[in-house]
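> I'll drop the sequence and a predicted model, then ask my questions.
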Amino acid sequence: MKTSSSPAASSLTGRLLVAMPGIDDDRFRHAVILICAHDDDHALGVRLDQPAPGVSLAEVLETLDTPSHDRLRDRRVLIGGPVERERGFVLHTDDWISDETSLSFGEGLALTGTRDALTAMADAEGPRRSILLLGYAGWGEGQLEEELNENVWLTAEADDALIFDTDYDTKWSRALAGLGVDAARLSSQSGRA
């Protein structure tokens, strides 16, 4: 999972994308996405505000015969994006790292796509904070930059409190508020000046 490409001149790695109201793709309506990797060739991020319907972390761990603790019983699994939705990724603090498979990025964050990350989530010595996500959002060469030029996304600093909290219904409006933007005042029309 380690990246070897050179970083883009204005890499968004470790930053948030906040969808504008007029986004044409319903899969990203009111989305808040954390960019985990961004270079000249691609970008990869995970959506932080869309729980998978009817899927809990405890159920996933039980299905995989991984011990679960009561503290995980009510934790939700999120839909990280439309790409490889059958594949799980754990977004977590970098106080726990799998040297072979974790992608460290941003300020103290990592993304791991292996079963040992799930085991670590259930372990008291695992990461301090973590989320299980199904799938990811991906962009090819220049695609994210084009969407930014078309005012599809706003960018914001990543905030651990926003990333890991479980108030999914208000995450988008709170991300906008962090930028000083009132969601009720945003136009659903996008365009260029």
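Thanks, I have the structure now. Numbers count the residues shown, from 1 in each chain.

> By mean pLDDT, which helix or strand of this structure comes out lowest?
Among the helices and strands of the chain, helix 57-63 carries the lowest confidence by mean pLDDT, DSSP states H and E, at a mean of 82.

> starting at the chain centroid, how far to that one?
20 Å (CA atoms, centre = their mean, to the nearest Å).

> Give me the distance between the most centrally placed residue in the chain and Gly180.
When CA atoms, centre = their mean is applied to the chain, the residue found nearest the centroid is Val46 (2.7 Å). From Val46 across to Gly180, the span is 25 Å (CB to CB, to the nearest Å). Where you see a C-beta, it was placed from the backbone N, CA and C, and this is true even at glycine.

> Show me where this protein dips below the pLDDT cut-off.
1-9, 67-73, 187-193 (pLDDT under 70).

> ranges for the helices of it?
If you assign secondary structure with DSSP state H, the helices in the chain sit at 57-63, 115-122, 143-149, 160-164, 171-178.

> Redo these as TSV? Include distance to Gly135 and mean neighbour count.
Supplementary listing: the helices of the chain in TSV, determined by distance: least, CB to CB, whole Å; neighbours: other CB atoms under 10 Å:
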stretch	distance to Gly135	mean neighbour count
helix 57-63	14	16
helix 115-122	15	19
helix 143-149	17	15
helix 160-164	17	15
helix 171-178	18	19
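
> contacting residues around Gln143?
With CB atoms under 8 Å, 6 or more residues apart in numbering as the criterion, the residues that contact Gln143 are Ala43.

> again, only using 10 Å
Neighbour list for Gln143: His42, Ala43 [criterion: CB atoms under 10 Å, 6 or more residues apart in numbering].

> now do Ala184
If a contact means CB under 10 Å, 6+ apart, then Ala184 has Ser173, Leu176 as its contacts.

> Tell me how far it lies from Thr170.
13 Å.

> swap in Arg185?
Between Arg185 and Thr170 the distance, using CB to CB, works out to 16 Å.
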